[in-house]
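Engineer: for reference, the sequence and a predicted model appear below.
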Amino acid sequence: MEKSERIKMLVEQLNRASKAYYQDANEIMSNYEYDALYDELLRLEQETGMVLSNSPTVHVGYKVLSELPKETHESPMLSLDKTKDVAALSDFLGDHKGVLSWKLDGLTVVLTYRKGQLQKAVTRGNGLIGEVITSNAKAFQNIPLSIPYQGDLVLRGEAVIKYSDFEEINRKLGDADAKYKNPRNLCSGSVRQLNSQITAERNVNFIAFALISAEGVDFKNSISFQLDWLKNQGFETVEHYEVEQDTVAQTVQKFAEKIADNDEPSDGLVLMFDDIAYGLSLGSTAKFPRNGIAFKWKDEQAQTKLKYIEWSPSRTGLINPVAVFDPVELEGTTVSRASVHNISIMEELELGSGDTILVYKANMIIPQISENLTKSGIDRIPKQCPSCGGGTVVREENGVKTLYCPNQDCPAKNVKGYAHFVSRNAMNIDGLSEETLEKFIDKGYIREFADLYHLDRYYEEIIHTSGFGEKSFDNLMKALGKSRDVELYALLYSLGIPNIGEANAKVICKAFDYDLEKIIHAPVDELVQIDGIGSVMAEKFYAYFHDEKNLEKFNHLLSEVRIAQPETNTQEQSMSGLTFVITGNVTHFPNRNAVKDYIERRGGKVTGSVTSKTDYLINNDVHSNSTKNKKAKELEIPIITEEQFLEQW
């Protein structure tokens, strides 16, 4: 291939990857691969003198696409040149003093303050035009809305979501496919929200790294002094150290030792001349300012042998390829797996079982494959989904091939259903978090509810699963054994039938005298006669048990459990016909469920929201301005405390 054609190909590849990463929050190639292709393009441009107008070596970023207001920066925000060589950092600094800091991996934001108040916040955008996100910036966790300095101040910093917050946000999401891939993508989406409340909920932090202008302040011609001054104004500033040529290497090592415990996402370091005037006197190239340089970690690589490609189904139907290889030591930890992302990357690497590969940790954290040394050709793409056994399809979108399972009943797509099944008010099986369920489903251990009671078949595999061991396995088996004895209403509720909650399941059981045969064959016209069961609920309930697959799986489940006889309720039905709503903390009962049980045993009904049909709202804080209190007052519904409730009933 001629060099000119190779240049065109590289420009197209790099621009596509950059657009996917910065605009679509999607990663179609690794950082390592991008850097290698970028360096190749730069070399070819220097050799040929040919530079295309849309080359990533010329343009900075992409055109901003959003509904947020746009604003042109007073001066272009250029990227720094970069190196992976510590010696190059020392050479760059020469005899001058420098400031070495983290290169933060979030979204760059420019802040403007006037008379001590935050006036404006604008994203970096494409380096020329940014997006105005002032209302969102005011919702950041640590940004000062007012500062002591009363002059005009302009500074730059990075909006980041810390690893600890990122993990907590993902943990609360539960749904694996709803989880965010990395803090940078989450931060980018959070900062550019149209609703600042969402920004506030994401725990975005602002870390200042550069002061652009501040009238009437003597900064001693020092960047280090500027950062200290910003800190005194209330800003969190990037961790930084003053360095000289002979201390650069040891300071880089100091940062390297902190990577594992660093809570702020970073993809390298930045070295700036501390002498502001000297740095500015150097000017800039078309793309890079000359007063600083970025340092990217030289990835430690290890050679290993690819054992096989593991195909991991997910809730969206996407089946992700994961490379499993002989364990190697990288950056102080043992690594044996790396995501390959999609079929296109597999094809590009010509990745097959038994190949000799080079692996590394992107930014010293995320395992990746950098090169395939033997290129035997990709293994056969699975024709069947590992989770449900149904047929798979290969989809291609924007030139990227991915593997999907189109089966809507695939267990991998229904992890939420399994999580509901094992929840406390359903089958009450401890030890099966969504994450654990997802692992077991991906491995093919679970394809229907009844399979949970046969997990002992996979003893060896489970005790060697991450986060599990023999003790965890034993506890799980005990929890499963205990759950085999279940009340009928809990069993029905556990199935996750649309619109059928715990209370609905209870009234259905009671209406049919706990006769399972009558319940599962109940016609819609009988179901709607039950107080509290509307036509939609009745139709959903009827449809569930008249679906052949559902009924077959339910019968499998029945063979694993023992339905407990309902306890005889000897309580006087003193609350019959009354509807309650419970809100706030309770003190006389262990929890709100206990209050609910107390009411239901006495013939009452508990609902989740206040309506005209509500008779009483139970809230120990009768004077609060909660939504439920306001609604109750509006409808003239009595608000009573626990004590008043117990005195009356």
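Structural biologist: Yep, that arrived.
Engineer: count of neighbours near the nearest residue to Ser101 once chain neighbours are set aside?
Structural biologist: Nearest residue to Ser101, sequence neighbours excluded (C-beta to C-beta, 6 or more residues apart in numbering): His240, at 3.7 Å. Where C-beta positions appear, they are placed from N, C-alpha and C, glycine not excepted. Each residue near His240 was counted by other C-beta atoms under 10 Å, and the total is 22.
Engineer: and for Leu480?
Structural biologist: Counted with other C-beta under 10 Å, the neighbours of Leu480 add up to 21.
Engineer: for it, phi and psi?
Structural biologist: Leu480 has phi and psi values of phi -70, psi -40 when expressed as degrees, to the nearest 10.
Engineer: that one contacts Asp451, doesn't it?
Structural biologist: No: counting by C-beta atoms under 8 Å, Leu480 sits too far from Asp451 to count as a contact (11.1 Å).
Engineer: make sure Leu186 is indeed in a helix.
Structural biologist: Yes: the assignment for Leu186, made by DSSP: H, G, I helix; E, B strand; the rest coil, places it in a helix.
Engineer: let's see the pLDDT reported for it.
Structural biologist: pLDDT for Leu186: 84.
Engineer: tell me the contacts of it?
Structural biologist: Taking C-beta atoms under 8 Å, 6 or more residues apart in numbering as the contact definition, Leu186 lies against Ile161, Phe166, Ile169, Tyr180, Arg202.
Engineer: pLDDT-wise, what's the bottom of those residues?
Structural biologist: For the contacts of Leu186, the least confident entry is Tyr180, with 69.
Engineer: before we move on, back to that, using PyMOL, define a selection of the buried residues within the contacts of Leu186.
Structural biologist: Selecting only the buried members of those in PyMOL, with burial defined as 16 or more other C-beta atoms under 10 Å, works like this:
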select buried, resi 161+166+169+180+202
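Engineer: which one of the contacts of Leu186 sits closest to Gly234?
Structural biologist: Ranked by distance to Gly234 (C-beta to C-beta), those are led by Ile161 at 20.4 Å.
Engineer: counting neighbours, what do you get for Leu330?
Structural biologist: Taking other C-beta under 10 Å as the definition, Leu330 ends up with a neighbour count of 18.
Engineer: quick one: the strands in the stretch 201-350 of the chain?
Structural biologist: Per DSSP state E, counting those that start in this stretch, the stretch 201-350 of the chain has strands spanning 205-214, 240-243, 266-273, 292-295, 302-313, 318-330, 333-339. These are given in chain order.
Engineer: the fifth one pairs with which strands?
Structural biologist: Strand pairing for strand 302-313, using DSSP bridges, gives strand 318-330 (antiparallel), strand 356-362 (antiparallel).
Engineer: identify the residues contacting the shortest one?
Structural biologist: Put plainly, it is strand 356-362. With C-beta under 8 Å, 6+ apart as the test, strand 356-362 has contacts from 30-32, 299-306, 323, 325, 328, 330-331, 335, 338, 349, 351, 367-374.
Engineer: just the buried members of the residues you listed?
Structural biologist: With burial judged by 16+ other C-beta under 10 Å, the buried subset of the contacts of strand 356-362 is 30-32, 299, 301-302, 304, 306, 323, 325, 328, 330-331, 335, 338, 349, 351, 367-372.
Engineer: give me the low-pLDDT residue ranges for the stretch 201-350 of the chain?
Structural biologist: For the stretch 201-350 of the chain, residues meeting the criterion pLDDT under 70 lie at 298-299, 315-316, 331-332.
Engineer: how about Val110: what's its closest non-neighbour residue?
Structural biologist: Going by C-beta to C-beta, 6+ apart, Val110 has Val122 as its nearest residue, at 4.9 Å.
Engineer: who's that neighbour bridged to?
Structural biologist: Using DSSP bridges, the beta-bridge partners of Val122 come out as Val110, Val132.
Engineer: which residues does it contact?
Structural biologist: Residues counted as contacts of Val122 (C-beta under 8 Å, 6+ apart) are Glu71, His73, Val109, Val110, Thr112, Gly130, Glu131, Val132, Ile133.
Engineer: same deal with Ile309?
Structural biologist: Taking C-beta under 8 Å, 6+ apart as the criterion, Ile309 is in contact with Pro321, Val322, Ala323, Val324, Val340, Met346, Leu351, Ser353, Asp379.
Engineer: next up, the contacts around the first one.
Structural biologist: Taking C-beta under 8 Å, 6+ apart, we find Pro321 in contact with Ile309, Glu310, Trp311, Ser312, Ser339, Val340, His341, Asn342, Ile343, Met346, Leu403.
Engineer: what's the separation between it and Ile28?
Structural biologist: Between Pro321 and Ile28 the computed distance is 14 Å (C-beta to C-beta, to the nearest Å).
Engineer: what of Leu153?
Structural biologist: Taking C-beta to C-beta as the criterion, Leu153 is separated from Ile28 by 39 Å.
Engineer: do the same with Ser336
Structural biologist: In this structure, Ser336 and Ile28 are separated by 24 Å, where distance is defined by C-beta to C-beta.
Engineer: so for those two, which residue has more residues nearby?
Structural biologist: Neighbours per residue, other C-beta under 10 Å: of Ser336 and Ile28, the larger number sits with Ile28, 21 against 14.
Engineer: the more buried one - that's part of a helix, no?
Structural biologist: No: assessed by three-state DSSP, Ile28 does not belong to a helix; its assignment is coil.
Engineer: doesn't Glu348 make contact with it?
Structural biologist: No: here Ile28 does not reach Glu348: they are 10.5 Å apart, not a contact under C-beta under 8 Å.
Engineer: would you agree Phe255 is in contact with Leu269?
Structural biologist: Yes: with contact taken as C-beta under 8 Å, Phe255 and Leu269 are classed as touching, separated by 5.8 Å.
Engineer: now for the two: what residues contact both?
Structural biologist: Leu100, Trp102.
Engineer: poorly predicted segments of the stretch 51-200 of the chain, please.
Structural biologist: When residues are selected by pLDDT under 70, those of the stretch 51-200 of the chain lie in 52-54, 58-67, 172-181.
Engineer: try it again with 50
Structural biologist: The model of the stretch 51-200 of the chain has pLDDT under 50 over residues 59-66, 175-177.
Engineer: out of the contacts of Pro321, which is nearest to Asn126?
Structural biologist: Using C-beta to C-beta, His341 is the member of those that lies nearest Asn126, at 25.7 Å.
Engineer: touching, the closest one and Ile319? I think so.
Structural biologist: No: in this structure, His341 is not within contact of Ile319 by C-beta under 8 Å, at 12.0 Å.
Engineer: which one's more surrounded, the two?
Structural biologist: With other C-beta under 10 Å as the criterion, His341 and Ile319 differ in neighbour count, and Ile319 comes out ahead with 25 against 20.
Engineer: who does the more buried one bridge with?
Structural biologist: In this entry, Ile319 is beta-bridged to Pro313, Leu403, by DSSP bridges.
Engineer: picking up where we left off before, which one of the strands of the stretch 201-350 of the chain lies closest to Glu642?
Structural biologist: Sorting the strands of the stretch 201-350 of the chain by C-beta to C-beta, the top spot, which is the nearest, belongs to strand 205-214 at 40.7 Å.
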